[in-house]
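Visitor: My questions are about this predicted structure, shown below with the sequence.
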Amino acid sequence: MHPNTVNAWKRTFLEKGPEIFAQDNLVAEYEPADRRAGAADRQERGGDRTFKKLLGTAGMTSDQKVALVESVKDTFGLNLALAAADLPKATWYYHQHHKVSYEEKYAYLLPVLETIARAHPEYGVPRIMPELRDEHGYDVNHKVIERLLGLWDLLILRSTHRPKPSSVQQAIIEAGERANLVAPMEEIGLFRVLYTDFTELVYADGHRKAILMPIIGHTSKMAFGWAVGQSADTVLALQAWERAKEIFQRIDIPYPGMIMHHDRDLVYTGYEWTSQLLLKDELRTSYALRGAKDNPEMESFNGRFKTEGHSLFLEAQSFTEWGFEAVGG
């Protein structure tokens, strides 16, 4: 669009702006409060200074610019309105056809926030923020969390009574620092300690998600077992462990007495997991008391694995394209 055309429209906009905008009170909506002070006085001196400031769109958000263009496009034409508001056409059409609601934008946080609200109903926003960041890798502003808790009625869950800890969870609480068997170890043998955790994989051009649970060795960092599925549950965890046992049996490495280190996820403190490892397979279980900070080897492995395979995962449309057999469909 030629600059002279835009300038001519701006002059018309300045001359007729007060009459056009008087009905919708858009000046009051888009001007900061301090600029509105003395607005009546400026109106008496010609009214055009207000709209000269209005045309300075640097301080306006995209939503405000879109609303401004929407109000005048029928009068002055879409192209001229976009040029005067300094709003790219792509942004205009995005807001018209693709912009999602606040809940849709943060939908990926719903299961995480719900899990935290159920597991820690006493948590407020200041304690939810580090939990999201350290345990789940989401660094979210406190205002966003406050709004989402209200939109999804999670405040009700937070106000309910916290369920009584299971016998395993109670034992971990009573053991305190002693529940982490790995922390005090100065030297760790080749097959002495195993690490595991659930991690999320994004695939199919970012439209689908899966859960991976690898089991790695402390020294070798080899993945002795793994499983992929739709959810982080006991079935997935036990399949990963069964594969690890097959590898140990194949290379003639006895696994009784090994230490399995992980966080305090409900799966890892549940009866099925602990009874299989402790009673049937005679392992020792170790628990990270401070989330990812107490399981750095696993966090490092998952981070490198997902970074190196990022493009391959996005291109894949199913688990089978990775060579994975999915658990649970």
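Guide: Good, I have the coordinates. Residues are numbered from 1 along each chain as shown.
Visitor: tally of neighbours for T274?
Guide: 19 (other C-beta atoms under 10 Å). Every C-beta, even on glycine, is put in place using the N, C-alpha and C of the backbone.
Visitor: A strand includes it, no?
Guide: No. When the secondary structure is assigned by DSSP: H, G, I helix; E, B strand; the rest coil, T274 falls in helix instead of a strand.
Visitor: thinking it is in contact with V168, fair?
Guide: Yes. Contact criterion C-beta atoms under 8 Å: T274 and V168 qualify, at 5.5 Å.
Visitor: Model confidence for the spatially closest residue to Y268 that is not a sequence neighbour, exactly?
Guide: Computed as C-beta to C-beta, 6 or more residues apart in numbering, the closest residue to Y268 that is not its neighbour in sequence is H262, at 4.8 Å. Taken from the predicted model, the pLDDT recorded for H262 is 95.
Visitor: where along the stretch 1-150 of the chain do the helices fall?
Guide: With DSSP state H, counting those that start in this stretch as the definition, the stretch 1-150 of the chain shows helices at residue ranges 3-21, 26-30, 33-36, 39-44, 48-55, 62-76, 78-84, 89-97, 102-105, 110-119, 125-136, 142-151.
Visitor: what's the last one packed up against?
Guide: Secondary-structure packing of helix 142-151 (3 or more C-beta pairs under 8 Å, 6 or more residues apart in numbering; DSSP states H and E): helix 102-105, helix 110-119, helix 125-136, helix 154-159.
Visitor: Which residues belonging to the longest one are considered buried?
Guide: Meaning helix 125-136. Counting neighbours by 16 or more other C-beta atoms under 10 Å, one finds that the buried residues in helix 125-136 are 128-129, 131-132, 135-136.
Visitor: C-alpha coordinates for that helix, PDB please?
Guide: Included here for helix 125-136 are C-alpha records, laid out as PDB according to Å, rounded to 0.1, in the frame of the first residue of the first chain:
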ATOM      1  CA  VAL A 125      -0.200 -21.100  44.100                       C
ATOM      2  CA  PRO A 126       3.300 -20.400  45.600                       C
ATOM      3  CA  ARG A 127       3.800 -24.100  46.200                       C
ATOM      4  CA  ILE A 128       2.100 -25.200  42.900                       C
ATOM      5  CA  MET A 129       4.500 -23.100  40.800                       C
ATOM      6  CA  PRO A 130       7.800 -24.900  41.900                       C
ATOM      7  CA  GLU A 131       6.000 -28.300  41.700                       C
ATOM      8  CA  LEU A 132       5.000 -27.500  38.100                       C
ATOM      9  CA  ARG A 133       8.500 -26.400  37.200                       C
ATOM     10  CA  ASP A 134      10.600 -29.000  39.000                       C
ATOM     11  CA  GLU A 135       8.500 -32.100  38.700                       C
ATOM     12  CA  HIS A 136       6.800 -31.500  35.300                       C
END
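Visitor: Could you chop this protein up by domain?
Guide: The domain map for the chain lists 3-97, 104-159, 167-327, with the assignment taken from automatic domain parsing.
Visitor: low-scoring stretches of the stretch 201-329 of the chain, by residue?
Guide: Under the criterion of pLDDT under 70, the regions of the stretch 201-329 of the chain flagged as low confidence span 319-329.
Visitor: where do the helices sit along it?
Guide: Counting by DSSP H, counting those that start in this stretch, one finds helices in the stretch 201-329 of the chain at the ranges 234-250, 271-274, 296-308, 310-315.
Visitor: mind putting the ones you listed in TSV, distance to M258 included?
Guide: Supplementary listing: the helices of the stretch 201-329 of the chain in TSV, determined by distance: least, C-beta to C-beta, whole Å:
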stretch	distance to M258
helix 234-250	9
helix 271-274	15
helix 296-308	15
helix 310-315	30
